[in-house]
Every structure is written in structure tokens, then in C-alpha cells.
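Trainee: for reference, the sequence and a predicted model appear below.
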Amino acid sequence: MKIYNNILETIGDTPMVKLNKLTEGIDATVLAKVETTNPGNSVKDRMAVKMVEDAEEKGWIKPGGTIIEGTSGNTGMGLALAAIIKGYKLVCVLSDKQSKEKMDILRAVGAEVVVCPNDVEPEDPRSYYSVSKRLAEETPNSWYVNQYDNLANRVAHYEQTGPEIWEQTDGKITHFVVGVGTGGTISGVGKYLKEKNPDIQILGIDTFGSVFKKYHETGIFDENEIYSYITEGIGEDILPKNVDFDVIDHFEKVTDKDAAIYTRKLAREEGIFVGNSAGSAIKGVLQMKDMFKKDDVVVVLFHDHGSRYVGKMFNDDWMRERGFLEEEYQSANDLIES
Ligand code: PMP
């Protein structure tokens, strides 16, 4: 019989898919590591289970305990699956900029969801960083995951995602491109790939409104770089311990508007229904296309599923309200003129 003993065993072994249309004009082969086939529909299942197992080994969480985390949703989903199978309670603390779909999904898998304002400083007692820490202090037999600084996060990608990418490309990968939030994905995969071949370029996608790119290039944590933005899951106003700046060769910033437009293009032109940070990542690949040569193999990782964004970038009204549908008007005018 070909069976899995529980849903956690289905995590990983995600497909590598060649991109054909959006990447026309790029000489290199561009492949997408599509993480939506994980049971929680995102790459974060991998690190969520790894962090729970690490906490069990270290005795940080005991049977029947409560897992507490500040999460944009995807980590929460992975934690929820781990909590169900392993018998823990889960409290997820989210900021109010996260999509309603993400909150509803977390509730569907039994998590308690606490929503905090996004537009406050991390040190503010109302911020989701502060609220999750406080809840962890107040709840008996609880464990605060802290995906930003918990290094089991990047170890999951060093142990699983990196080797999968290396094997799926027969070691021919030359560039790895991925959105950076906690830094777990880029740092774990980047470390593994650089150990295999130090020439592989590790390229991080950042947002406008985030500190990463400037810090990487100057060593300066510049508060002027911090402002609100729309793209979910990537960019930060803190420096998480999981970001290993030494394995990252370059950061590329992508606008909210481009991220949204390219998320839609991935669905409509490649049939790959993925989330907002995937749109950022593929637009970043296009912005960096002069870096790639003919025989290069560029792997771009798509973090999560498009269903979580149907009320956002896949909704025309949402796009129009933000002035993101200009291209549609442009092409309508072109049609009228021709
Ligand atoms: N995209 C999405 C949708 C995410 O949820 C996350 C996790 N914050 C990322 C990208 C960034 O991944 P990482 O935290 O591993 O840097």
C-alpha cells in the first residue's frame, strides 16, 4: 500500500515547473519551485513542523501545551497541522493587514486567532510582536515559536528545500530567487546550495518599505526605509536572526503594484495560481534579467497558494481602488485606437 501515516508526512517533494510565457525574453531557463502542493498550501509547513519537533526535543513544549505565534497566516497553517497531529492547542496573532481568507483558514483548522493593528511600532504593546510575547508569558504550559529568531526555521530549508532543488535541477542551478520575510527560506536553501557550489547566486526579493536591501548593501539599519506596504509575507521592519545576510548576493525590490499585477499574470499566463510574494519574485526575476546568461538555470520559489488572495489581487475592485488596473485601461484604449 502507498499510504502516508498522517498529513504531516505529505509535506515536501514539491514540483519544479518550467515557466514559458512570462519569461519570454530571458535567455536562461527559469524554473518555479511551486510550494502550494504542501498540505497547508505553502512552503511554511516545512519549517512549522521542524520548529515544533525541535521544541519537543528541547523540552520547550509538553503534551497538551499551547503553541503561540505571531504569524502572517502561512506559518500558522503549518503549525495548525502540526498541533492537530501532535495534540497541542494553537493561538495565532496576526496583524490586521493580513487577508481575511488567511484568518478564516486558520480558524477552520482549529486555531484561535488574535488580530492586532499593523501600523504601530514593533515595540508598541499593541503590535503583534508584543501581543504574542505577552500571551506566551501569561499562558501556562505554552511555547512562543518566534519564527523570526528561531533558527530551526532555516534548518528546515537547509535539510529539505535546498536538497530538493539541487536534486531536481541535477545540480545545474545557477541562481536562486525568493522573497525574504523571516529569512528562513533564503538562508537555509542558500547555505545548502552555496555548500554544493559557491558560484550559485542567491537573490532575495524585498519590498519598498522594508529594511533588508539597504542593510545588506550598507550595514545601516535605516528607519527611513520603513513604511506601510501591501505585499504580504516579505519585507520586514526588523532584522530577524534567520536572515543570513552572508549567503545573500543581492536584494531586488519590487513595488506592491508590480507584485499584484504579476501575481495575476502567473495565474492567467502560466496557470500557476499562487500568492502575492510569488508575483514579487517573478517580477524581480524580470528586473534582474541582465544577470542571467543563456545556459543559466534560475530557480524561483513560489511560497503559497492563490486562494488566499481571491479578495485581494485577484479581485478587480481591490485592484482598481489602488490604481493597480491601469494596464487594463491602457489596453482598452489601445483597442479603441486601433
Ligand atoms: N511569502 C509568503 C507568502 C510568506 O508567508 C512568507 C513567510 N513570511 C515569505 C514569502 C517569506 O519566507 P521566509 O519567512 O522564509 O523568508
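Mentor: That came in fine, so what should we check first? Residues are numbered from 1 along each chain as shown.

Trainee: ok now the helix or strand where Gly284 lies, how far from the chain's centre?
Mentor: Gly284 is part of helix 276-287 when elements are defined by DSSP states H and E. Computed by CA atoms, centre = their mean, to the nearest Å, the chain-centroid distance of helix 276-287 equals 12 Å.

Trainee: what are the buried residues along that helix?
Mentor: Buried positions in helix 276-287, judged by neighbour count with 16 or more other CB atoms under 10 Å: 276-286. The way it works is simple: take the backbone N, C-alpha and C, and place the C-beta from them, glycine included.

Trainee: next: stretch 229-244.
Mentor: 229-237, 240-244.

Trainee: and the residues you listed near the ligand, which?
Mentor: Checking these against the ligand by CB under 6 Å from any ligand atom, the ones in range are 232-234.

Trainee: picking up where we left off before, contacts with the ligand among the buried residues of helix 276-287, please.
Mentor: For the ligand, the contacts drawn from those by CB under 6 Å from any ligand atom are Ser277.

Trainee: could the buried residues of helix 276-287 go into JSON lines alongside pLDDT?
Mentor: JSON lines is the format used below for the buried residues of helix 276-287 (pLDDT from 0 to 100):
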{"residue": "Asn276", "pLDDT": "96"}
{"residue": "Ser277", "pLDDT": "97"}
{"residue": "Ala278", "pLDDT": "98"}
{"residue": "Gly279", "pLDDT": "98"}
{"residue": "Ser280", "pLDDT": "98"}
{"residue": "Ala281", "pLDDT": "98"}
{"residue": "Ile282", "pLDDT": "98"}
{"residue": "Lys283", "pLDDT": "98"}
{"residue": "Gly284", "pLDDT": "98"}
{"residue": "Val285", "pLDDT": "98"}
{"residue": "Leu286", "pLDDT": "98"}
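
Trainee: return the member of the buried residues of helix 276-287 nearest to the ligand.
Mentor: Using CB to the nearest ligand atom, Ser277 is the member of the buried residues of helix 276-287 that lies nearest the ligand, at 3.2 Å.

Trainee: wait, that closest one touches Tyr262, no?
Mentor: No. In this structure, Ser277 is not within contact of Tyr262 by CB atoms under 8 Å, at 10.6 Å.

Trainee: in the chain, which spans are helices?
Mentor: Ranges of helices in the chain, per DSSP state H, are 44-58, 74-86, 100-108, 128-138, 152-156, 162-168, 184-196, 212-218, 256-265, 276-287, 316-321, 326-337.

Trainee: could you tell me the least trusted of those helices?
Mentor: Across these, helix 326-337 has the smallest mean pLDDT, namely a mean of 61.

Trainee: how about the residues of the stretch 51-200 of the chain near the ligand?
Mentor: Near the ligand, when you scan the stretch 51-200 of the chain using CB under 6 Å from any ligand atom, you find 72, 74, 179-186.
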